[in-house]
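[1] Could you work out the structure for the sequence below:
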Amino acid sequence: EVVVHAGTYHETVEMYSGGTEGAPVVIRAAGDGEAVLDGADPALRDPLGWTDEGGGVWSAAAAETRYVAVDGVRLWNYLDAGSLAAAPAGGGGFYWEAGSVHVLIPGGGTPATRSMAVSSLGRAFWLEGAPNVVIRDLVIRCYGAEEYSEGIMVRDGSHGVWIVDTTFENVMPGIWVKGQVDDLTVTGCTFSDVGLADFDWYEVKARGGMESGAIAIDDEYDGRGIVFVDNTVRDSFDGMRMCGNTDLDHPIHADVIRNSFRHLGDDGIETDGVCPDVRIVGNRWEDMLVGVSAAPAVVGPLWVIRNLMVFHRNVAAGSDWMSRPLKFNVGDDRPSGEIFVYHNTGWAGEDGQMAFTVTDDSRWARLVDVNNVWVGTDMGYYYVNEGDEPIEVDYDVVFSTTGADLFYWQGTHHADVAAFEAATGMMANGI
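    Down below sits the predicted model:
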C-alpha cells in the first residue's frame, strides 16, 4: 500500500506490474488533507515567473503545452499571436511558441491576482501490464501538456483496476483505456474540465482532441467488463465514450449505472463504435445537446433503461443542432445492432425541440421503444428516416408542452396517440 499525505505532487507515476486479486496494490490518500497530483508547472504558479507583454497578455518560459487554465477555467489554445490577438473581447486564450507560453487573461487582471495553471505533464498515472491496482481518494489536476494526455492511462494487461472516490479537474479524458483491459471499475469519482463545454462547437470539432470526457475507450480496445457507477461528470464537451472501433469476437459487457451528467457541450454518453452489450441504467443527463449517442452502436445490444434525460439544449457557443435525449443518425456504413429503450423519461427543454427524434440515415437491426415518457417543447415524437428500419413503439407517454401535434412520422402529422395508432398500428397502449 502506498499512502499519499496531504500536499501537491508534480509528477507522473508509471506502473508496469501490479498486485493480485487477494492483495492488490493500493494507492490512496492518507486522509490528512487533499493529496493532489498536479500536472501544472509549479514555477508558473509564481507571479514573478511572468512578463507583461501589454494588452492583457502575459508570457513565461515554458515547456511545450496544450493546456492552460486561469482560475480553474480552461482557455482556448490559439495557434499563434495573430489568432490570439483576434480573440473575442473580454475572452481569454493562449498559445505556445519557441519555448514560451503567452496567455491572454480573460476579464483582465494579472498573474498576481489570478490563479495560473500551465500544464507541463501528460498524465498522472500510466498503468501498463499492471493488474489489480486500486487508486482512491486522490485529486488529479491539470494534465494536458501532450497531444495525447489523460489523468490515468489504463492499457494492455492492466486487469482488475479500481479507480475510486477520485477527483479529476482540468484534465480530459480523466481515464483512457486502450488495448486488452478487463474488469475496470470507476466509482464515486468526479470529472470536470470547466470552460470546455462553452467553447465554440464547430471549432472543437475542427480542432479535435477535446471530445473524450471522463473516460475514453480507445479505438483499439479489446477488453470487457468496464463498470462506471455513481460518478459525476460535468463541464466538459462529451461526457464519455464507452466503445472502441475494432471488430471483436466477444461482448464487452460494459455498464454505466447511476451517474450524473451535467452541462456538456455535446453528447452525454457516446456508444459510437463497436458496442457488443452496453447497459446504460439509472443515469441522469441535464443541460447538454444529446443524452445518448448511438451513431452507430455496432453489433449491440445497447440497453438504455430507467434514465432521466432533461433540459437538452445547445450549450456550446455556435451550436445550432437539434437537441434530444437520444441520437441515432449514423453517418457510417455500418448500422447499429439491437437497441432497447425502456422506462426512460426524456424532456427536450429547449424551445422548438422534439423529445424522441429519429432523423435521416438512422439504421439499426432493431429498435424497441417501450414504457418511456417523451416530452417535447414542439412535437413529442419526430421520425423521418430514409430506410424501413424495424421499430416497435408502445406503452409510451408522449406530450407537447406547447400543444403541438404529438407525432410527426415519415412526413405526416398525427395530432394524438389515437391518430398515430390508426396510421401505423403502433402505440395501442400509449398515452
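
[2] what sits against Glu97?
    80-81 (Cβ atoms under 8 Å, 6 or more residues apart in numbering). Where you see a C-beta, it was placed from the backbone N, CA and C, and this is true even at glycine.

[3] Check the secondary structure at the closest residue to Leu326 other than its chain neighbours for me.
    Excluding the flanking residues, the one nearest Leu326 by Cβ to Cβ, 6 or more residues apart in numbering is Val292, at 5.3 Å. Of the three states, Val292 takes strand under DSSP: H, G, I helix; E, B strand; the rest coil.

[4] dump the residue contacts of Val292.
    Contacts of Val292 (Cβ under 8 Å, 6+ apart): 267-269, 271, 280, 285, 304, 307, 309, 325-327.

[5] Among these, which lie within strands?
    Judged by DSSP state E, those include 267-269, 280, 285, 304, 309, 325-327 as members of strands.

[6] Return the member of those residues nearest to Ala423.
    Leu326 (22.5 Å; Cβ to Cβ).

[7] surely the closest one meets Phe340?
    No: using Cβ atoms under 8 Å, Leu326 makes no contact with Phe340, being 11.9 Å away.

[8] Please say which of these two ends up with more neighbours.
    Leu326 (26 against 17; other Cβ atoms under 10 Å).

[9] Using JSON lines, lay out the contacts of Val292 together with distance to Val397.
    Formatted as JSON lines, the contacts of Val292 follow (distance: Cβ to Cβ, whole Å):
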{"residue": "Asp267", "distance to Val397": "25"}
{"residue": "Gly268", "distance to Val397": "22"}
{"residue": "Ile269", "distance to Val397": "23"}
{"residue": "Thr271", "distance to Val397": "25"}
{"residue": "Ile280", "distance to Val397": "20"}
{"residue": "Trp285", "distance to Val397": "19"}
{"residue": "Val304", "distance to Val397": "17"}
{"residue": "Asn307", "distance to Val397": "15"}
{"residue": "Met309", "distance to Val397": "14"}
{"residue": "Pro325", "distance to Val397": "14"}
{"residue": "Leu326", "distance to Val397": "16"}
{"residue": "Lys327", "distance to Val397": "21"}
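
[10] Pick the one among the residues you listed closest to Arg224.
    Thr271 (15.2 Å).

[11] surely the closest one meets Gly244?
    No: using Cβ under 8 Å as the test, Thr271 is too far from Gly244 to be in contact (11.0 Å).

[12] okay, those two: which has more neighbours?
    With neighbours defined as other Cβ under 10 Å, Thr271 and Gly244 compare such that Thr271 has more, 28 against 22.

[13] what's the spacing between that one and Gly151?
    22 Å (Cβ to Cβ, to the nearest Å).

[14] can you check Asn372 too?
    For Asn372, the distance to Gly151 - Cβ to Cβ - is 35 Å.

[15] List the residues that contact Phe76.
    Check again: residue 76 is Trp, not Phe. By Cβ under 8 Å, 6+ apart, the residues touching Trp76 are 87, 91-94, 199, 203.

[16] again, only this time at 7 Å
    Listed by Cβ atoms under 7 Å, 6 or more residues apart in numbering, the contact partners of Trp76 are 93, 199.

[17] need the contact list for Ser119.
    Per Cβ under 7 Å, 6+ apart, neighbours of Ser119: 39-40, 65, 67, 142-145.

[18] tell me which residues form a beta bridge with it?
    Counting by DSSP bridges, Ser119 is bridged to Ala40.

[19] quick one: pLDDT of it?
    Looking at Ser119, its pLDDT is 98.

[20] again with Asp333
    Asp333 is given a pLDDT of 84.

[21] go on, Gly90?
    86.

[22] can you check Gly430 too?
    pLDDT, read off for Gly430, is 97.

[23] Hmm, it is touching Asp394, no?
    Yes: assessed by Cβ atoms under 7 Å, Gly430 is found in contact with Asp394 at 6.3 Å.

[24] who's more crowded, these two?
    Using other Cβ under 10 Å as the criterion, Gly430 and Asp394 rank with Gly430 on top: 22 against 15.

[25] is it true that Ala419 lies in a strand?
    No: assignment of Ala419 by three-state DSSP gives helix, placing it outside any strand.

[26] what's the burial count for it?
    17.

[27] What pLDDT does the model give it?
    97.

[28] Outside of the strand or helix carrying Trp126 itself, which residues are in contact with it?
    Assigned by DSSP states H and E, Trp126 belongs to strand 125-128. The set of residues external to strand 125-128 that reach it, using Cβ under 7 Å, 6+ apart, is 12-16, 133, 135, 152-158, 161.

[29] Next secondary structure after it?
    Next along from strand 125-128, by DSSP H and E: strand 133-136.

[30] Pairing partners for that following strand, with directions?
    strand 25-29 (parallel), strand 162-164 (parallel).
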